[in-house]
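**Q** Sequence and predicted structure below; questions after.
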Amino acid sequence: MGVILAGVLMGLGGTLAMDLWALLLNRLFGLPLANWARVGRWVLNLQERVFHDDFDRVAPAQGELAVGWVFHYAVGVVYGVVFAVLAGRDWIAAPSFVPVWIFGILTIAAGWFLLQPAIGAGWAASRTPSPARTRMLGLLAHTVFALGMWVTALLFY
């Protein structure tokens, strides 16, 4: 199997693992699920503006929920492909956890320094009610993403 296909599968596996983790936290502890409609609204309004001080003032857009979900999985696939290309065939032939975990943790930078400020949550969730908790949950979610990518690599390679 090629590196690109491996990356696509790992990105899908990692994103699915992250979503299942969020669902588990929701069911066990009542933590809210991600609002992919909000992300879709941001994507659909990118031509207008990237960063919003008050994202709640941005009008809902038709199809925003579907766009948000597609964007979420597309980003996971892009991350999977980038990692597979960087790690190369040798890693794919014998996947180890630490490299993919480091990569998974690094991917949180996009959320902290692009998506969260873009939708009015501030840099690294600084404008949320509990920034430290939000950051920790994000780090855990990205660890689960890395676990999902690793397990997918182990299953298919």
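**A** Perfect, thanks for sending it. Residues are numbered from 1 along each chain as shown.

**Q** contacting residues around Leu9?
**A** Gly80, Thr152, Phe156 (C-beta atoms under 8 Å, 6 or more residues apart in numbering). All C-beta spots, glycine's among them, are computed from the backbone N, C-alpha and C.

**Q** Ok, Gly30 next?
**A** Here Gly30 is in contact with no residue (C-beta under 8 Å, 6+ apart).

**Q** which residues sit against the helix or strand bottoming out on mean pLDDT in the chain?
**A** Every helix and strand of the chain was ranked by mean pLDDT, DSSP states H and E. The lowest is helix 116-118, at a mean of 94. Contacts with helix 116-118, where a contact means C-beta under 8 Å, 6+ apart, come from Trp42, Val50, Phe51, His52, Phe55, Gly122, Trp123, Ala124, Ala125.

**Q** Could you report the neighbour count for the third one?
**A** Same thing as Phe51. Counted with other C-beta atoms under 10 Å, the neighbours of Phe51 add up to 11.

**Q** three-state assignment of it?
**A** Following DSSP: H, G, I helix; E, B strand; the rest coil, Phe51 is assigned to coil.

**Q** Pop out the phi and psi values for it.
**A** The phi/psi pair for Phe51 (degrees, to the nearest 10) reads phi -100, psi 130.

**Q** how much space is there between the closest residue to it other than its chain neighbours and Asp56?
**A** Spatially, and ignoring its direct neighbours in sequence, Phe51 is nearest to Ala118 (5.1 Å; C-beta to C-beta, 6 or more residues apart in numbering). Separation of Ala118 from Asp56 (C-beta to C-beta, to the nearest Å) stands at 13 Å.

**Q** wait, isn't Phe71 in contact with Leu44?
**A** No - counting by C-beta atoms under 8 Å, Phe71 does not reach Leu44; the two are 9.6 Å apart.
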